[in-house]
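In: from the sequence below, what's the structure:
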Amino acid sequence: GRTTNGWRGFRQDSMPAGWQVVDGALTRVAAAGDIITREKFRNFELALEWQVAPASNSGIFYRASEDDDAIYWTAPEMQVLDDAAHPDGQSRLTAAGANYDIDPAPAGVVRPARQWNQVRIVVNGSHVEHWLNGVKVVEYELGSAAWEAKVQASKFAPHPHYGRNAEGYIGLQDHGDWVSYRNIKIRVLP
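Out: Next up is the predicted model:
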C-alpha cells in the first residue's frame, strides 16, 4: 500500500500513471488500462480488499497471460462490482464475486459501494475458490467437463488461451471506473 512496485501495465514494461497509491490503497484514478503482477503464480491464495464507487465495475484476473490482445481472453476473472447500481449486478453470472460469465455468485454477499469487501481467491492445481466477505461464493475445477461446457456457452469460447494457463499473472481491471484495492497479499501454495 506504499508503492506500485511489483506491478506493470498489461503488455507494458511500466506502470500506467492512472493507477496510484492513495491512502494506502492501489487505486485507479484515471484512464490507465489493466495492470498485472511482474511475477507469475501457479498455485496460490490471494487475499485483498476492494471498494468501488457507485455503479462501478472492475475485476481480479488470475493465471493471466499476454497471449491475446486483452487480459480477459486468457484469464478467469472474479467480478468486482457495485451490484446495486451497475447493470451487470442484474445477472448472478456477472455480479460481484462471480467467475465472470462462467460461474454465478449468490446475491446478498457484496457490500454497498464505498465499503470495503474482503476477498480470498484460492487456485490450487485445477481447483478454484472465490471467497467474498467470508462466504465461499464460487467453486469450480478448471478443465472439468462442466467447466468446458460453460466456457463453450460463453463469450470466451473462441479464445483458445482462456483459462488454460498452468501459471500466470494476477491482474486488476481498469473498466473505466474508480476502484481501490488494499491489503493485497499472496501466499504461494506447494
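
In: for the residue in the chain sticking out farthest from the centre, phi and psi?
Out: Centroid-distance maximum for the chain: residue 145 at 23.1 Å, with Cα atoms, centre = their mean. As for residue 145, its main-chain torsions (degrees, to the nearest 10) stand at phi -60, psi -40.

In: list the contacts for residue 53?
Out: 82, 113-114, 177-179 (Cβ atoms under 8 Å, 6 or more residues apart in numbering). For every residue, glycine as well, the C-beta is placed using N, CA and C.

In: same list (those residues) but as a markdown table, adding neighbour count, pLDDT and secondary structure.
Out: Shown next, in a markdown table, are these (neighbours: other Cβ atoms under 10 Å; pLDDT from 0 to 100; DSSP: H, G, I helix; E, B strand; the rest coil):
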| residue | neighbour count | pLDDT | secondary structure |
| --- | --- | --- | --- |
| 82 | 25 | 98 | coil |
| 113 | 18 | 98 | coil |
| 114 | 13 | 98 | coil |
| 177 | 18 | 97 | coil |
| 178 | 16 | 98 | coil |
| 179 | 26 | 98 | strand |
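
In: possible to save those as CSV with distance to residue 95?
Out: Below are those laid out as CSV (distance: Cβ to Cβ, whole Å):
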residue, distance to residue 95
82, 10
113, 14
114, 18
177, 16
178, 19
179, 16
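
In: need the contact partners of stretch 38-47.
Out: Outside stretch 38-47, the residues that touch it by Cβ under 8 Å, 6+ apart are 6-8, 60, 62-63, 118-125, 166-170, 183-190.

In: CA atoms only: put it into PDB for me.
Out: C-alpha atoms of stretch 38-47 as PDB (Å, rounded to 0.1, in the frame of the first residue of the first chain):
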ATOM      1  CA  ARG A  38       5.500  -8.700 -12.500                       C
ATOM      2  CA  GLU A  39       5.700 -12.200 -11.200                       C
ATOM      3  CA  LYS A  40       3.700 -15.300 -12.400                       C
ATOM      4  CA  PHE A  41       1.900 -17.600  -9.900                       C
ATOM      5  CA  ARG A  42       0.800 -21.200 -10.300                       C
ATOM      6  CA  ASN A  43      -0.800 -22.300  -7.000                       C
ATOM      7  CA  PHE A  44      -1.700 -19.600  -4.500                       C
ATOM      8  CA  GLU A  45      -4.000 -18.000  -2.100                       C
ATOM      9  CA  LEU A  46      -4.700 -14.300  -2.800                       C
ATOM     10  CA  ALA A  47      -6.200 -12.100  -0.200                       C
END
